[in-house]
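J.: Predicted model follows, preceded by the sequence.
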Amino acid sequence: MPLFWGGIMRKTLVLCLLIVPFCLVSDDEDFSYSNFSLLYNGGESTGATIEASMGLPFGLYLSGSVQRSDDQIEDEEFEKNSEAMRLGFHFSIADIFKQISYKKVNIEIARFLDFYFELGPKKWELVDNVNLNKTGTDLNFVGGVRIGDSESWEANLFLDKSKQAEIEKDSTTNQTQYGSGEVTERILGFKVIRNFNKHTALVFEAMDKRNSGNSYSLGFRYKF
């Protein structure tokens, strides 16, 4: 079942990447970096996530998240909690090339493509089925690209990297346990946002996680 679900998720990501750019109609509107989101997480990881972002001058912004979920790692269930706070920077092609000229024709560059990078601390906690827990705080990197219309359909492709406790199986007892080190959790995600107006939006997100399978999120976003 995990292999089947993983194949479906990967095919869905590829299909979205091929179709969505042709469905989006760009407009010269700034993407929102001041918002609040409440998401339900499903799939191999179930739980809830709260995300918030606050825009700052000079293309900077603050981004934070709190997540509570039940994850399946190495065929064992773990409660996974995390809190993150990151400083982000975003820029658009329109910021670099305001206008280009071709054969005496001036072409305005619309703001339909935004690149962003975030870096900051992330506190995580893993609790197994006998209530033994492992905690830590490490750097969390998030980077990606947003494309589309900030007042209609919008797509977001991103990479999320952080560390968590190493999970391994005892060769003698075949029981899952915490290892001696930490491993990098790599999440490749694709997010589709339907902006209904300047303040409200519906969010759908699909994620391929290296260590804890695949999951999806569905929720509501309010833009300030």
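T.: That came through fine. Numbering: from 1, shown residues only.
J.: ranges for the helices of the protein?
T.: Taking DSSP state H, the helices of the chain run over residues 2-23, 93-96.
J.: tell me the average confidence for the shortest one?
T.: The one in question is helix 93-96. For helix 93-96, mean pLDDT is 67.
J.: and what of the first one?
T.: Rounded to a whole number, the mean pLDDT of helix 2-23 is 45.
J.: Pull the number of nearby residues for the nearest residue to residue 182 once chain neighbours are set aside.
T.: Excluding the flanking residues, the one nearest residue 182 by C-beta to C-beta, 6 or more residues apart in numbering is residue 163, at 4.5 Å. The C-beta positions use only the backbone N, C-alpha and C, and glycine is treated the same way. Per other C-beta atoms under 10 Å, the neighbour tally for residue 163 reads 17.
J.: What residues does residue 163 make contact with?
T.: Residue 163 makes contact with 124, 136, 138-139, 182-185, according to C-beta atoms under 8 Å, 6 or more residues apart in numbering.
J.: Go through those and name the one nearest residue 42.
T.: The shortest approach to residue 42 among the contacts of residue 163 belongs to residue 185, at 18.6 Å (C-beta to C-beta).
J.: Any chance of the backbone angles for residue 56?
T.: Here is the backbone geometry of residue 56 (degrees, to the nearest 10): phi -130, psi 170.
J.: mind checking how far it is from residue 62?
T.: Look at residue 56 and residue 62: by C-beta to C-beta, to the nearest Å, they are 7 Å apart.
J.: Next: residue 120.
T.: Distance from residue 120 to residue 62, counting by C-beta to C-beta: 9 Å.
J.: Need the overlap of contacts for the two.
T.: By C-beta under 8 Å, 6+ apart, residue 120 and residue 62 have these common neighbours: 85-87.
J.: which residues in the chain form strands?
T.: 35-43, 45-55, 60-73, 76-92, 99-102, 105-108, 113-127, 133-148, 153-169, 176-195, 200-209, 213-223 (DSSP state E).
J.: for this structure, which spans come out with low pLDDT?
T.: Within the chain, the segments meeting pLDDT under 70 span 1-29, 73-74, 94-111, 132, 165-171, 173-181, 211-212.
J.: 80 - rerun?
T.: Across the chain, residues meeting the criterion (pLDDT under 80) sit at 1-30, 44-45, 71-77, 93-112, 128-133, 150, 164-183, 210-213.
J.: Filter the shared contacts of residue 120 and residue 62 down to the buried ones, PyMOL style.
T.: Buried members of the shared contacts of residue 120 and residue 62, defined by 16 or more other C-beta atoms under 10 Å, are picked up in PyMOL with:
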select buried, resi 85+86
